[in-house]
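Make a model of this:
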Amino acid sequence: MFQSNFFYTTARNSLSVLFLVLFIQQSAQAQATKNSDAVSEKTLANGLKILVKEDNRAPVVVSQIWYKVGSSYESSGTTGVSHALEHMMFKGTSKYPGDSFNKIVSRNGAEDNAFTSRDYTAYYQKMEKSRLETSFDLEADRMRNLLLPKEDFLKEIMVVQEERRWRTEDKPQSLLYEQLYVTAFDNSGYHHPIIGWMEDLKKMTIDDLKQWYQTYYSPNNAILVVVGDVKTDEVFALAEKYFAAIKPFPNLTVKLRPERKQRSSKRINLLVPAKSPYINIGFKVPVINTAKESWEPYALELMAGILDGGDSTRFNQELVKGQQLAASAGTGYWSNSRLENLFLIDGTPAEGKNIQELEKALLAEIKKLQQQPVSMDELERVKNQIVASAVFEKDSIFYQAMKIGQAEASGVGWQTEAQYVERIRQITPEQIQMVAQKYFVPNNMTVAVLDPQKQS
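Numbering: from 1, shown residues only. Predicted coordinates for the structure are as follows:
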C-alpha cells in the first residue's frame, strides 16, 4: 500500500474482532466529539492562526508552524524552490547566526525537522513542555529575519541535487511515480515534482529563494499548531509575545490552476535499468476540497481499503494469494489534498507473470466494484479497520498535530478533519459503487509502466 493517511490492522480471531468492534464504535464516537471540542483557535491581528490541543498524558509538547506554500504553487523554471528554501531555513538569522538554530534545539533536549509537500511547507520541534518558549522565539525570528547567505545556498543546492538523485533518479519506482504525475496532470501544479526538476535546481539562484521567502513566509500565510501538555491560554499569550509584532504582507491572491478535463486515457512506458517490472495506474478523483458531493472522498477512502487494507482485502486475496499474478499490489489516496488528485493503484507481477496480465487483473477488480456493491460485512470490516487506526493514532501527539496542520494548510479545516470518523461510518455500499462507476473510467486514467532494461 502507498504511504497514505491510514494504516490498517487485522484482528486474529473472531472473539477479538467482536470486542475490538465494540471498543472502536464506542471510542470513536467519544473521541470524535472530544476532538472537535478539544482544538482551540485564535487568530492574531497580523493574521497568524494558532491552533492548540491539550493532551496532558506526558510532559511533552509538539510545536509546528505551517506555511501555505508548496510545489503546487511553483511555476516552470523555479520548480523545487519551496523545498530548497526549507533547507535554507536552518542557516541562520542575525540573532541566531549559522547553525545556532539546531544547536539551541539540541541543547534543550528537543528534536526538530521540516518537510515540504505539494500543498505546504512545515517546521516542527518536539520537546519537554517547559521549552515551548524557546521554539516560539526561534520560529518567530526566522519567519522574517532569515539571512539567506549565498555561500550557504551554493552548498545546500548541491545537497538538494544529490537528494534528487538518490531519492528519485536512482530509484526506478520513484522515477515512474514522478512520471505518472507529469503525464496525468497538464495544467495543475501537481504536474511538478516536489523536489523540482534537476535542470531548474542547477539554474536556481539565491534571489529565487529570497523572492519566495518574501512572498509566502508571513504570519497571514502561516498556521501555528501546538499539541501536548500545555494550557491553551498560556500558549496564546506566548504566541502573542513572540509573533504579534511581525507585520503581515498584503493579502496573498493565489490563482488556482484547475486541471483541464481529460478526454482520453494516457500511457507512458519508462525504459530504465531495473530488476523488476512495475505498474502504476492513476485515476483523477475529487478530494474534500473539490468534491461536489461531500461524501465522495470518504467513499474513495473506503474503496482503497477494500482493495488494499491488509491480508483479507481483495488485492491480496485475489491477485497475490489466489491467482498468484502479483508479488505485491496496493492503492493510495489522499483526500486532504488542496487540488484534485489521483487514486493510485500499483503492482509488481509475480515471477513468471507479466505486466499485461497484472494490469488486466487490477482493472478487473475495479470492474467488480462497479458491477456489484460490496457486502455489508466486508464494508463494516474495512470501516472498523479505518476507524481503529484513526482512534489509535491519537496516541501520538505529533500525529495529532500533523492531522490538524495538514487539514488547515490544505484548506480542508481542522473541523472537517474532526468529523472524519463520523463521515466514514455513514458511507454505504451503493456510494462506493457510484464512485467506482463515475471516476474509474478510461478518460480519467493514466497508466505508467516500468519496462526494465539491462544495465549497459
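
If we ignore the residues flanking it in sequence, what's nearest Leu256?
Leu339 (7.4 Å; CB to CB, 6 or more residues apart in numbering). Glycine gets a C-beta too; all of them are placed from N, C-alpha and C.

does the one you found count as helix, strand or coil?
State at Leu339, reduced to three classes by DSSP: H, G, I helix; E, B strand; the rest coil: coil.

what's the burial count for it?
21 (other CB atoms under 10 Å).

what residues are up against it?
Leu339 makes contact with 72, 118-119, 188-190, 256-259, 287, 289-290, according to CB atoms under 8 Å, 6 or more residues apart in numbering.

what about the nearest residue to Tyr216 once chain neighbours are set aside, how many neighbours?
Spatially, and ignoring its direct neighbours in sequence, Tyr216 is nearest to Val69 (4.1 Å; CB to CB, 6+ apart). Counted with other CB under 10 Å, the neighbours of Val69 add up to 25.

quick revisit: got a winner among the contacts of Leu339 for most neighbours?
Asp119 (25 neighbours).

domain parsing for the protein?
When the chain is parsed with automatic domain parsing, its domains come out as 14-32+261-453, 44-243.

Is it possible to get a markdown table of those that adds mean pLDDT and distance to Phe249?
Below are those laid out as a markdown table (pLDDT from 0 to 100; distance: least, CB to CB, whole Å):
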| stretch | mean pLDDT | distance to Phe249 |
| --- | --- | --- |
| domain 14-32+261-453 | 90 | 17 |
| domain 44-243 | 97 | 4 |
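
Just send those back as CSV, with distance to Ala38 too.
Formatted as CSV, those follow (distance: least, CB to CB, whole Å):
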stretch, distance to Ala38
domain 14-32+261-453, 8
domain 44-243, 5
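
Compute the number of surrounding residues for Val387.
Using other CB under 10 Å: Val387 sits among 24 other residues.

let me redo that: Leu369
20.

which other residues reach stretch 435-446?
180, 183-184, 262-268, 281-286, 296, 299-300, 303, 342-343, 366, 369-370.

What distance separates the opening and closing residues of that stretch?
Stretch 435-446 has an end-to-end distance of 17 Å (CA to CA, to the nearest Å).

which of the residues in it are buried?
Residues of stretch 435-446 classed as buried: Val435, Ala436, Tyr439, Phe440, Asn444, Met445, Thr446 (neighbour count, 16 or more other CB atoms under 10 Å).

Helix, strand, or coil at the last one?
Same thing as Thr446. Under three-state DSSP, Thr446 falls in the strand class.

Who is it paired with across the strands?
With DSSP bridges as the criterion, Thr446 is bridged to Lys266, Gly282.

and the gap between it and Gly282?
5 Å (CB to CB, to the nearest Å).

Show me what stretch 153-166 is in contact with.
Contact with stretch 153-166 is made by 80, 83-84, 87-88, 91, 195-196, 198, 201-202, 204, 206, 209, as judged by CB under 8 Å, 6+ apart.

can you do 6 Å?
Outside stretch 153-166, the residues within contact range by CB atoms under 6 Å, 6 or more residues apart in numbering are Ala84, His87, Met88, Ile195, Met198, Leu201, Met204, Ile206.

Convert the C-alpha atoms of it to CSV, please.
The C-alpha coordinates for stretch 153-166 follow below in CSV (Å, rounded to 0.1, in the frame of the first residue of the first chain):
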residue,chain,number,x,y,z
PHE,A,153,23.0,28.4,-0.7
LEU,A,154,25.6,27.2,-3.2
LYS,A,155,26.5,24.3,-0.8
GLU,A,156,22.9,23.5,0.0
ILE,A,157,21.6,23.4,-3.5
MET,A,158,24.2,20.8,-4.3
VAL,A,159,22.8,18.8,-1.3
VAL,A,160,19.3,19.1,-2.8
GLN,A,161,20.5,17.9,-6.2
GLU,A,162,22.1,14.9,-4.7
GLU,A,163,18.9,14.2,-2.8
ARG,A,164,17.0,14.2,-6.0
ARG,A,165,19.5,11.7,-7.5
TRP,A,166,19.3,9.2,-4.7
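
Show me which parts of that stretch are buried, residue by residue.
The neighbour-count check on stretch 153-166 (16+ other CB under 10 Å) flags Phe153, Glu156, Ile157, Val160, Gln161, Arg164 as buried.

List just the nearest of these to Ser218.
Phe153 (21.1 Å; CB to CB).

give the contact list for Ala409.
Ala409 touches Trp66, Lys68, Tyr120, Ile223, counting by CB under 6 Å, 6+ apart.

Buried residues, stretch 390-397. List them.
So for stretch 390-397, counting by 16+ other CB under 10 Å, buried means Ala390, Val391, Ile397.

er, stretch 134-147 actually
So, applying 16+ other CB under 10 Å, buried residues of stretch 134-147: Thr134, Ser135, Phe136, Leu138, Glu139, Ala140, Asp141, Arg142, Met143, Arg144, Leu146.

Next: stretch 48-66.
By 16+ other CB under 10 Å, the buried positions in stretch 48-66 come out as 48-55, 60-66.

Can you tell me the closest non-neighbouring residue to Thr328?
Slight slip there: residue 328 is Ser, not Thr. In space, Ser328 is closest to Thr348, 5.1 Å off (CB to CB, 6+ apart).

List the strands paired with whichever strand or helix holds that neighbour, with their directions.
Under the criterion of DSSP states H and E, Thr348 resides in strand 341-349. Here strand 341-349 has these sheet partners by DSSP bridges: strand 278-285 (antiparallel), strand 326-332 (antiparallel).

Can you report phi and psi for the residue nearest to Glu259 when sequence neighbours are not counted?
Of all residues not flanking Glu259 in the chain, Ser188 sits nearest, at 4.2 Å (CB to CB, 6+ apart). Reported as degrees, to the nearest 10, the phi and psi values for Ser188 are phi -60, psi 150.

which residues does Ser188 contact?
Arg257, Glu259, Leu339.

I'd like the distance from Lys42 to Leu51, if you could.
8 Å.

Of the strands paired with strand 341-349, flag the one that's most buried.
strand 278-285 (a mean of 23; mean count of other CB atoms under 10 Å).

ok now that strand, how far from the chain's centre?
17 Å (CA atoms, centre = their mean, to the nearest Å).

One more: stretch 409-420?
In terms of CA atoms, centre = their mean, the centre of stretch 409-420 is found 13 Å from the chain centre.

now swap in stretch 239-254 and tell me
26 Å.

Using the three-state scheme, assign the spatially closest residue to Lys203 that is not a sequence neighbour.
Among residues not flanking Lys203 along the chain, Gly77 sits closest, at 7.7 Å (CB to CB, 6+ apart). Classification of Gly77 by three-state DSSP places it in coil.

three-state assignment of the residue nearest to Asn108 when sequence neighbours are not counted?
Closest residue to Asn108 apart from its sequence neighbours, by CB to CB, 6+ apart: Arg131 at 4.7 Å. Look at Arg131: counting by three-state DSSP, its state is helix.
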